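Enquirer: below is the sequence, then the predicted model.
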Amino acid sequence: MMKMKSTKPKNSSAGAGDATDQTTVNIKNVLLKNGASVVALVSFFINMVVLFDYHKSPFSNFLLWDSSNYWKWAQEIASGDWLGNTIFHQAPLYPYLLSIFISVFGEILLPIYIFQCCISAATAAAVYSVCTKITRNNFTGLLAGLLFSLYGMQVFYSTRILSECIAAFLIILTIRLLISGKFFNKTLLSGFFMGLLLLVKPHFILAVPFILFFYTIGFKQRLPSELLKKMFFFILPLMLTVSVVTIRNYYVGKEFVLISSNGGEVFYMGNNDKAEGTYMAVDGISRDITFQNEDIISVAQSNSGKKLTRSGVSRYWYKKGISFIWNEPLRYVILEWKKFRNIFSGAERTNMYSMVFEKNTLTSSLKIPFVNFYLLFPFLCVGLVTALRQWKKYYLLLLFLIVNSLNILIFFYDTRFFLITMPLFIIISSAGLWNILNLYRAHKLSPALFRRSSSMALLSGLALLILILYRDLKFPSQDWRFFMVLGEIYYDMGSYDKSIENYIKSFERNKSDFRSSIGACKALLKQGNITMAADLYMLTLKALGEKNKHMIVDDPDFDRLRDYIVSKSNQAAVQ
């Protein structure tokens with residue numbers, strides 16, 4: 001008897017599985033082919049989520065420290081003083097950029113924050129592009145772009161009025177143009193953007209001669225004139241861009257100062273007998289950068305006993321720093337070791353804004369599980385093995401990382417200083433992660449896996465990470481400083497209850513700094529609670545002692561309170 005053939009598919013589940021697999025493959029291909037757009041959109045979305053949460057924070061509208069100085073400088077430029085009348089104290093490009101926004105939108109910060117979120121997204125796309133170009137692997141590029149988009153510290157600094165976001169973009173864009181392989185237009189553009197980078201972060205001038213050497217790597221042209229032509233078309237736009245500032249400095253100050261004049265004092269701040277590897281205030285010089293330039297000039301002229309040019313002032317501070325190094329070589333070596341260790345740290349060592357503090361107190365969106373230094377470090381160790389082996393491919397990444405690290409060793413460390421080369425750090429880390437994944441797929445957990453240099457680098461990185469974590473956990477909290485700043489902000493807003501509340505939190509965390517106590521005293525006085533303000537004033541005056549009592553005695557804000565205390569004392573004496 002003949003058997004009837006079934007009309008049912010032999011393996012319907014397999015067919016569904018094939019369709020699912022094909023869909024997965026299609027999605028994967030779309031992601032890889034459009035990697036730059038994908039990472040840019042992810043970055044922009046995350047940045048905007050954090051921005052609109054941060055916009056409710058008092059920090060977003062009350063600018064502090066360098067942010068405040070940049071903003072004031074931009075306001076002066078936008079008001080018509082575009083030339084200025086003194087040699088630039090700091091690199092000028094960022095405040096001039098801010099002045100354009102002020103001219104177009106008025107004195108509103110939100111458009112600038114949105115612009116910087118866009119720049120951060122463009123940086124993520126450029127990270128994808130550079131990583132793909134170097135590794136010749138779209139997946140590694142996508143991985144690098146996503147890691148950068150999810151790197152918490154860069155998201156945080158994209159919403160600050162600081163130049164780090166712009167500098168990171170200019171670095172990765174310059175590298176992308178340099179490795180493009182196309183000659184005339186890309187070479188001109190790379191020189192132009194390198195010039196712009198110097199107007200934001202002048203220390204990268206150290207990289208310029210080594211970029212010229214980059215053109216000799218793999219140079220196959222028979223005629224040396226071709227090589228010289230490439231170098232010329234890189235240097236020409238760079239020099240023209242920087243010369244605009246140099247000529248302007250000479251015009252207003254009658255001195256040849258290439259970009260900015262603050263190198264000497266910054267060098268001394270990082271190299272003196274009290275230095276600890278991070279920013280250290282100098283006696284006689286204001287912590288507020290708005291007043292630093294005039295204080296630096298005044299102290300230098302007073303100590304030298306003669307009138308100095310701005311270059312002479314910078315040389316004075318350089319000499320003081322070099323004198324410390326010469327006279328205290330052992331202390332200097334220890335200081336450099338501290339700076340070097342700070343480079344490899346996930347703790348926030350900064351005199352500026354703190355992501356950890358704001359995450360815990362004001363901006364809840366920062367609690368997103370972002371990528372951080374600790375997660376990347378072991379894979380950086382693996383990536384460095386590959387980068388050193390294939391140094392010609394990774395030459396520019398290593399160059400900019402080394403130059404930025406040298407700048408930190410020469411001057412001092414701040415978290416935001418290292419952030420500008422984080423795109424390069426992440427590209428190398430992504431290459432390391434991809435290398436480890438491939439090794440695991442090839443060897444699983446066989447003994448052959450652990451004999452590979454990349455595996456040994458990963459294990460070494462994990463061991464070093466344990467030491468880094470152990471050290472970072474002992475890093476003292478800086479919350480007291482930020483609570484004090486919040487107290488000042490709420491005081492300026494007229495929210496005196498919140499001001500006192502934050503001053504109290506600051507004092508509870510650091511009873512040796514009496515600025516919070518002084519601030520609370522002022523807030524009580526503004527509230528009209530003069531009796532309590534008088535009691536706190538007397539307690540603070542007693543605690544300050546003779547050496548520091550000028551902090552409160554010379555403050556004109558307390559004139560009315562002192563009159564009240566004297567009158568009360570006289571009444572008590574009469575009775």
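Expert: Good, I have the coordinates. Numbering: from 1, shown residues only.

Enquirer: what comes up buried for the strand or helix carrying residue 491?
Expert: Using DSSP states H and E, residue 491 sits within helix 479-493. Within helix 479-493, the residues that count as buried by 16 or more other C-beta atoms under 10 Å are 479-491. No exception for glycine: its C-beta is placed from N, CA and C like everyone else's.

Enquirer: which other helices and strands contact it?
Expert: With contacts defined as 3 or more C-beta pairs under 8 Å, 6 or more residues apart in numbering; DSSP states H and E, the packing partners of helix 479-493 are helix 355-361, helix 496-509, helix 515-527.

Enquirer: go with 6 Å
Expert: helix 496-509, helix 515-527 (3 or more C-beta pairs under 6 Å, 6 or more residues apart in numbering; DSSP states H and E).

Enquirer: what's the angle from the last one to helix 496-509?
Expert: Meaning helix 515-527. Angle, helix 515-527 to helix 496-509, by axes from the mean of the first three to the mean of the last three C-alpha atoms, to 10 degrees: 160 degrees.

Enquirer: restrict helix 515-527 to CA atoms and write it as PDB.
Expert: The C-alpha coordinates for helix 515-527 follow below in PDB (Å, rounded to 0.1, in the frame of the first residue of the first chain):
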ATOM      1  CA  ARG A 515      34.100  79.200  55.500                       C
ATOM      2  CA  SER A 516      30.800  77.200  55.800                       C
ATOM      3  CA  SER A 517      30.400  78.600  59.300                       C
ATOM      4  CA  ILE A 518      30.900  82.100  58.100                       C
ATOM      5  CA  GLY A 519      28.500  81.500  55.200                       C
ATOM      6  CA  ALA A 520      25.800  80.200  57.600                       C
ATOM      7  CA  CYS A 521      26.300  83.300  59.800                       C
ATOM      8  CA  LYS A 522      25.700  85.600  56.800                       C
ATOM      9  CA  ALA A 523      22.500  83.600  55.800                       C
ATOM     10  CA  LEU A 524      21.200  83.900  59.400                       C
ATOM     11  CA  LEU A 525      21.800  87.600  59.300                       C
ATOM     12  CA  LYS A 526      19.900  87.900  56.000                       C
ATOM     13  CA  GLN A 527      17.000  86.000  57.600                       C
END
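
Enquirer: burial count for residue 567?
Expert: For residue 567, the tally of surrounding residues (other C-beta atoms under 10 Å) stands at 10.

Enquirer: any idea which element it lies in?
Expert: Element membership for residue 567, per DSSP H and E: helix 559-574.

Enquirer: so for that helix, mean pLDDT?
Expert: Here helix 559-574 scores 72 as its mean pLDDT.

Enquirer: so the nearest residue to residue 533 once chain neighbours are set aside versus residue 483, what's the distance?
Expert: Nearest residue to residue 533, sequence neighbours excluded (C-beta to C-beta, 6 or more residues apart in numbering): residue 524, at 3.9 Å. Here the criterion is C-beta to C-beta, to the nearest Å. By it, residue 524 lies 17 Å from residue 483.

Enquirer: just residue 166 next, same as before
Expert: Distance from residue 166 to residue 483, by C-beta to C-beta: 30 Å.

Enquirer: next one: the closest residue to residue 233 other than its chain neighbours from residue 177, what distance?
Expert: Closest residue to residue 233 apart from its sequence neighbours, by C-beta to C-beta, 6+ apart: residue 187 at 4.4 Å. Distance of residue 187 to residue 177, computed by C-beta to C-beta: 8 Å.

Enquirer: quick one: residues contacting the residue nearest the centre of the chain.
Expert: Centroid-nearest residue in the chain: residue 416, 2.1 Å away (criterion: C-alpha atoms, centre = their mean). When contacts are counted by C-beta atoms under 6 Å, 6 or more residues apart in numbering, residue 416 touches residue 164.

Enquirer: next, it: secondary structure please.
Expert: Secondary structure, DSSP: H, G, I helix; E, B strand; the rest coil: residue 416 is helix.

Enquirer: okay, buried residues for the helix or strand in which residue 323 is found please.
Expert: Per DSSP H and E: residue 323 is located in helix 310-327. With burial defined by 16+ other C-beta under 10 Å, the residues of helix 310-327 counted as buried are 310-314, 316-321, 324.

Enquirer: with respect to residue 80, which of those is nearest?
Expert: Closest approach between the buried residues of helix 310-327 and residue 80, by C-beta to C-beta: residue 310, at 23.7 Å.

Enquirer: the closest one and residue 261 touch, don't they?
Expert: Yes. Counting by C-beta atoms under 6 Å, residue 310 touches residue 261, with 4.8 Å between them.

Enquirer: what is in contact with those two at once?
Expert: The contact sets of residue 310 and residue 261 overlap at residue 87 (C-beta under 6 Å, 6+ apart).

Enquirer: any stretches of the protein with poor pLDDT?
Expert: Within the chain, the ranges that satisfy pLDDT under 70 run 1-33, 181-185, 218-223, 286-291, 443, 445-451, 547-548, 570-575.

Enquirer: where does residue 180 land in three-state SS?
Expert: Under the three-state scheme (three-state DSSP), residue 180 adopts coil.

Enquirer: same thing with residue 284?
Expert: Classified using three-state DSSP, residue 284 is coil.

Enquirer: excluding residues flanking it in the chain, which one is nearest it?
Expert: Ranked by C-beta to C-beta, 6+ apart and with sequence neighbours excluded, the top spatial neighbour of residue 284 is residue 299, at 4.7 Å.

Enquirer: number of nearby residues for that neighbour?
Expert: 18.

Enquirer: relative to the whole chain's centre, how far out is the host helix or strand of it?
Expert: Following DSSP H and E, one finds residue 299 within helix 289-304. Relative to the chain's own centre, helix 289-304 is displaced by 26 Å; criterion: C-alpha atoms, centre = their mean, to the nearest Å.
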